[in-house]
Structure formats: C-alpha cells, structure tokens
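Participant: with the input below, show me the fold.
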Amino acid sequence: MTRLTLRHYILVALSVFVLFLPGRATLPPLDRDEPRYMEATAQMLHGGDYVDVRFLDQPRYLQPAGIYWLEAAAVRLTGMQDTHAVWPYRIPSLLSVTAAAVLTAWIGAALFGPACGLLAAALLAVSVLMTAEGRMATIDTTLLLCVLLAQCGLLRAYLDRERDLATPLAAALLYWTALGCGLMLKGPVILIPGFGTPLALALVERRIDWWRRLRPSWGWLLMLAIVVPWCVAIGVKSHGDFFSRSVGRNFLGKVASGQETHGLPPGYHLAVFALAFWPGSLFAAMSLPFVWARRFEPHVRYLLCWIVPHWLVFEAIATKLPHYVLPTYPAIAILTAAAVVSYSSRWEWPHAIWARGVLAAYAVLWFTLGSVLAFAGPVLLWRMEGTFSPAAMLIPAGALPLLVLSGYLIVHRDMLRAVMAAVAAAVIIHVGLFSTVIPRLQTIWLSPRLAAMVDDHRPCAQTVVASVSDSEPSLVFLLGQNTRLMGATAAADFLQQNQKCALVLVGAQDLVAFSTRAMQDGLDLHELGQQRGLNYSTGKYLDIGLYGVIRQPD
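Facilitator: Residues are numbered from 1 along each chain as shown. The predicted structure follows:
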C-alpha cells in the first residue's frame, strides 16, 4: 500500500463513528460543563436569541457563540428542541471526533506513509482523553477539528516548499477559515497552535519564506470576517460586558491564577499524560529516542513545532485541565506511529541503564492503569450499586489478555503488534464502560432521578421547580429553564406565592430552615418523594425530597 485511498478514509471514519456511539444516548449530562452548554443552547433555541448566550437568567460570557450554534443546529435538525434528550447536543462532538481521526490519518500518511496514518488515527481515537471528550457536548473536540484543519493548510504549504511546488489557493483558504472558526469557538486559544507552529518553525529554521504561500496579506481579513460580525453584535448587546468577562476574567484569569480550584504547578500535563493518552502513552515514551535522533528532519521538526509551543504555554499558565493539551495529541500520535512503523521489527532499547529503568517503571504504571480501567466497571457496579454484572466482567476478561499479550510483544520487540493488541484492549474497555457500566451507575445519576420524580408529580403543565440543595447544571437542563436556584427560606416564600404550580427540591441539610419558614408562611407541606445519591462533582451524598403544598379540594 503506497497511499491511503478514499476507501481507507471512509473505513477510518466509520470505525471511529461506531466506536463513539455507545453511551451517547443513554448517558445523562456529564460533568458540570456539558449541561451548561446544553442548557444555554436550549435557551438559545427557545428564546430565538443567537447572539447573547445565557444560562438561566445569567449571561454565559466565557467564549463566543460558535459551539452553541453547532449544537442548536443539530438539535433543530433532529426536531428535538422541545425535549430534554441529550444525544442531539452531542452530535457536533461525534462528527468532530470522527473528522479529527480522518485528518490525523491524512497528516500521518502525508508525512510518514499510509501505515503511520492509520496507526496514528487509531492511537488518537482510543486515547482516554479523546474517549471522554468525544462523548460530551463540550467545545474541545470541535476546537481540535479546527486545529487539525489549520494544520492541514499549514502542512500543505510546508510540504510544497520542500518539494518546490506551488501551493494551491485552497490551502490558504482552509488555514484562515479554520482559524476564524476556531475564534468563534474558543476565542484566541486557536491562535496558540495556529500561529505557534509557524512561529516555532521560523525560529528553528531561521526562514519564513513558505509563510507567504498562505497569502497572509489578505488571509487575516478572511479570518476576522468570520468572527467580527458576532463580536460587534455581542459588544453592542452586552455593552462591552462580554469582552471584559471572556477576555479579562476568563482567558487572562486562567493565565494568572488557577480558576475553579484548577490551579496546579508546571508539569501537570506531563504527569497525567500516562492516563490521558493511554494506551498510546507507553509507546509515545518509547518513541522518544526515535524522535530525538530525527529532530532535524523536516517532517519530525514540523510536528515538534506543533507540539512544543502549545504544550509549554499550557504548562506555564496557572489553570490546568487535561483537555488543554488535546490539540497536541494528533501530532504525538503521528510521531509515535512513525516510530512504531519504522522500527517495528528492529526495535532498540536504550543503552543507558537509567533509561531502561525509567522505561520499565513507566511500563509497570501503564499496565497498572490498563488493569484499573479494565476492572473499574465491575468494581464500581459492585461497590456503588451492590450488583454483580456478568456483562461488566467481560471487560477485564477480554482486555487483560490483550494487555498481557501487548506486554509480551513489547518484551520481544514486536512493537506494531504490541500497539495493535493495546488498541484492541482499549476498544473493549471503552465500549464496555460506556455501554454496560456507566449508564447503570444510578447512584451518581441523581439529577435524572430527581427530574423523573418531578415529572411524576407535576401539578401543572408549566410547573416551576425551585431547587435548594442541588444546583447542578445537569438538574437545570433536565428540568428546563424555568428552574429556580435559591436558598431554603426564599424557596418557602416562593412556594407560598406559587402554591398551585410550584414544587421545591430540598436536601436534608436545609430541611429544617425550609420547614420553619413554610410554617411561618402558613403552608401545609406534602413530601411527594425522596431520592438519595452521590454528587460526583463534590463527592458528597445528598438526600433530597420533593415538596409541594397540599391543595384543598375546590
């Protein structure tokens, strides 16, 4: 096989699409960010305001409106705007992760051959971080797609310089359009890889002549034309408040200080890489001698100039989350795949004893992480739900032999087959967790159970629910934009003023204050139901009851 054909790219796309389907419709809103995106999009659809993004009655001025537009389009095209179904909001992330794998295959094939492209796409698709982000209705996989599109334009110009060929106009249009779309998704973050890669290449090579192939004289105008109209509209509507919040507090605030308890020292992203890029992390570490020996070769140099600036920036800023370095993972996957394909049958271990020791310790960590992931499903179901699941036991039964096989092949220096065995183990783990385990962890899915309890006892079609002890965004999304988040005494007063169509969710810790105020307001309370569950965001168990007013017969 001398090159990848359309059939190969279709196969990659279908494989990744199917891999990321399990759990997409059965999983409730995850994390805290995903339901915030979902609810803001739902309010955009219901209110018809596609400029001013809001969560409940508060502006959500963190980034531009691009991701909300994509999710709104997906929901409207599926006709699900009047429901609380989660899967339509996750369509952009599904399509983005599929396209990201295809583009990774293309870049890898263009630089190191078709086998490298296919292996790199597989390593990226099964990585733990990509598996998690690709299933949520958040911004990161769509931003990754824009980064990859921009890199495709950059790479075409760079390779054309090496081959002394003319660069087509399409490459410049692709590059600047991708940057403009990235700005509409997450503001200036796209410029770190978009401008950081050519700047790093210019510093290393001491030449920038190929940059003119991307038509920068007018390209920046195309980039701004995509984002400026919305910026003007939101600037007028918010009276400049959007820019002071999104740039001043959110973007620059993350640089200066750790926001939302995510302030961590430099080295964090390197420390979590073993898990975030698993199972490719061990092979990436083993590929370092290959990369170092070829660091001056144009293709390797290009990928290093893609990785290093972005990685250093996000190691330096105060706020750190694993997905911040996700845009570097395609390049890491390609370098790893290049090393594996190039030295599969003649892999050489480091000569230094200390290097072998470090690599052996990393291999033990890698195998331990894989074993933990394999057993996580049945253990969680047993500990949290008190159930033994034969289906969940199929995960370690299928994955562990493959991990052992991968380790055996690594010891015998058959790296290509070792990677393939590890990728197969990761597929079993990820599909098993998202299809048979995570949807059944009812203990942590408190918000869906509370929403179902409310639906069972709605006194009116337009029931308004006040939540006292649970302010999770997932609850807000599942209940709808009429949800009110307030304190115990305010909730009692609210119920007194809306006795006919109001319900209140109150936790055990706030029940005394709520009941006392309700008595003072002369309310005859009725407990309609009770739910207990774990708030996995805080790690605390909550006992929450649903209360309404006993209505006297007419």
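
Participant: residues contacting the residue nearest to residue 378 when sequence neighbours are not counted?
Facilitator: Leaving aside its sequence neighbours, residue 378 sits nearest to residue 392 (CB to CB, 6 or more residues apart in numbering; 4.2 Å). From N, CA and C alone the C-beta is placed, and that goes for glycine too. Going by CB atoms under 8 Å, 6 or more residues apart in numbering, residue 392 touches 377, 378, 381, 432, 436, 437.

Participant: and the furthest pair within those?
Facilitator: Farthest-apart pair in the contacts of residue 392 is 381 and 432; separation 11.4 Å (CB to CB).

Participant: who has more neighbours, those two?
Facilitator: residue 432 (26 against 22; other CB atoms under 10 Å).

Participant: now the more buried one. Its backbone dihedrals?
Facilitator: Per-residue torsions, residue 432: phi -60, psi -40 (degrees, to the nearest 10).

Participant: please apply the same query to residue 55.
Facilitator: Dihedral angles (degrees, to the nearest 10) for residue 55: phi -120, psi 110.

Participant: which helix or strand contains the residue nearest to it when sequence neighbours are not counted?
Facilitator: Spatially, and ignoring its direct neighbours in sequence, residue 55 is nearest to residue 40 (5.0 Å; CB to CB, 6+ apart). Here residue 40, judged by DSSP states H and E, is contained in helix 33-47.

Participant: give the rounded mean pLDDT of that helix.
Facilitator: Across helix 33-47, the average pLDDT comes to 93.

Participant: residues making contact with it?
Facilitator: 29, 50, 53-56, 60, 65, 67-68, 71-72, 75-76, 81, 86, 89, 136-139, 472-474, 476-478, 480-481.

Participant: next: stretch 178-187.
Facilitator: Outside stretch 178-187, the residues within contact range by CB under 8 Å, 6+ apart are 63-67, 139, 142-143, 146-147, 149-150, 153, 189-191, 194, 222-227, 230, 246-247, 251.

Participant: how about 6 Å then?
Facilitator: By CB atoms under 6 Å, 6 or more residues apart in numbering, the surrounding residues in contact with stretch 178-187 are 63-64, 66-67, 139, 142-143, 146, 149-150, 190, 194, 223, 226-227.

Participant: and for stretch 321-341?
Facilitator: Counting by CB under 6 Å, 6+ apart, 104, 108, 112, 115-116, 119-120, 123-124, 129, 133, 140, 144, 147, 193, 262, 269, 272, 276, 280, 283-284, 287, 290-291, 303, 306-307, 310-311, 314, 415-416, 419 sit against stretch 321-341.

Participant: same check on stretch 467-480?
Facilitator: 29, 32, 35-36, 38-39, 84, 447, 451, 465, 483, 485, 488, 491, 505-507, 510, 544.

Participant: thinking again about what came up before, can you flag which of the contacts of stretch 321-341 belong to strands?
Facilitator: The subset of the contacts of stretch 321-341 located in strands under the criterion DSSP state E is empty.

Participant: low pLDDT regions in the stretch 451-554 of the chain?
Facilitator: For the stretch 451-554 of the chain, applying pLDDT under 70 flags the ranges 551-554.

Participant: where do the strands of it begin and end?
Facilitator: Under the criterion DSSP state E, counting those that start in this stretch, the stretch 451-554 of the chain contains strands at 464-467, 484-485, 502-507, 525-535, 540-549.

Participant: could you dump these into CSV and include distance to residue 362 and mean neighbour count?
Facilitator: Formatted as CSV, those follow (distance: least, CB to CB, whole Å; neighbours: other CB atoms under 10 Å):
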stretch, distance to residue 362, mean neighbour count
strand 464-467, 46, 22
strand 484-485, 45, 18
strand 502-507, 44, 24
strand 525-535, 33, 16
strand 540-549, 35, 19
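
Participant: flag every buried residue along the helix holding residue 40.
Facilitator: 33-45 (16 or more other CB atoms under 10 Å).

Participant: identify, from those, the entry nearest to residue 167.
Facilitator: residue 37 (36.8 Å).

Participant: okay, now the domains of this protein?
Facilitator: For the chain, automatic domain parsing gives the domain ranges 27-342, 353-440, 446-549.

Participant: most tightly packed of the ones you listed?
Facilitator: Compared across the domains of the chain, domain 27-342 shows the largest average neighbour count, a mean of 20 (mean count of other CB atoms under 10 Å).

Participant: how far does the host helix or strand of residue 106 sit from the chain's center?
Facilitator: Per DSSP H and E, residue 106 falls inside helix 91-112. Offset of helix 91-112 from its chain centre (CA atoms, centre = their mean, to the nearest Å): 15 Å.

Participant: quick one: contacts of that helix?
Facilitator: 4, 9, 12-13, 16-17, 20, 70-71, 74, 116-118, 120-121, 124-125, 134, 141-142, 144-145, 148, 299, 330, 334, 337-338.

Participant: and that helix, C-alpha only, in CSV?
Facilitator: The C-alpha trace of helix 91-112 is given here as CSV (Å, rounded to 0.1, in the frame of the first residue of the first chain):
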residue,chain,number,x,y,z
ILE,A,91,-23.8,15.3,17.5
PRO,A,92,-21.2,18.0,16.8
SER,A,93,-18.7,16.3,19.1
LEU,A,94,-19.4,12.9,17.4
LEU,A,95,-18.8,14.4,13.9
SER,A,96,-15.8,16.3,15.1
VAL,A,97,-14.0,13.3,16.7
THR,A,98,-14.7,11.3,13.6
ALA,A,99,-13.3,14.0,11.3
ALA,A,100,-10.3,14.5,13.6
ALA,A,101,-9.3,10.9,13.3
VAL,A,102,-9.6,11.1,9.5
LEU,A,103,-7.4,14.2,9.3
THR,A,104,-4.9,12.7,11.7
ALA,A,105,-4.7,9.7,9.3
TRP,A,106,-4.2,12.1,6.3
ILE,A,107,-1.4,14.1,8.0
GLY,A,108,0.3,10.9,9.2
ALA,A,109,0.2,9.4,5.8
ALA,A,110,1.4,12.6,4.1
LEU,A,111,4.5,12.7,6.5
PHE,A,112,5.4,9.1,7.1
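
Participant: angle of that helix against helix 33-47?
Facilitator: 120 degrees (axes from the mean of the first three to the mean of the last three CA atoms, to 10 degrees).
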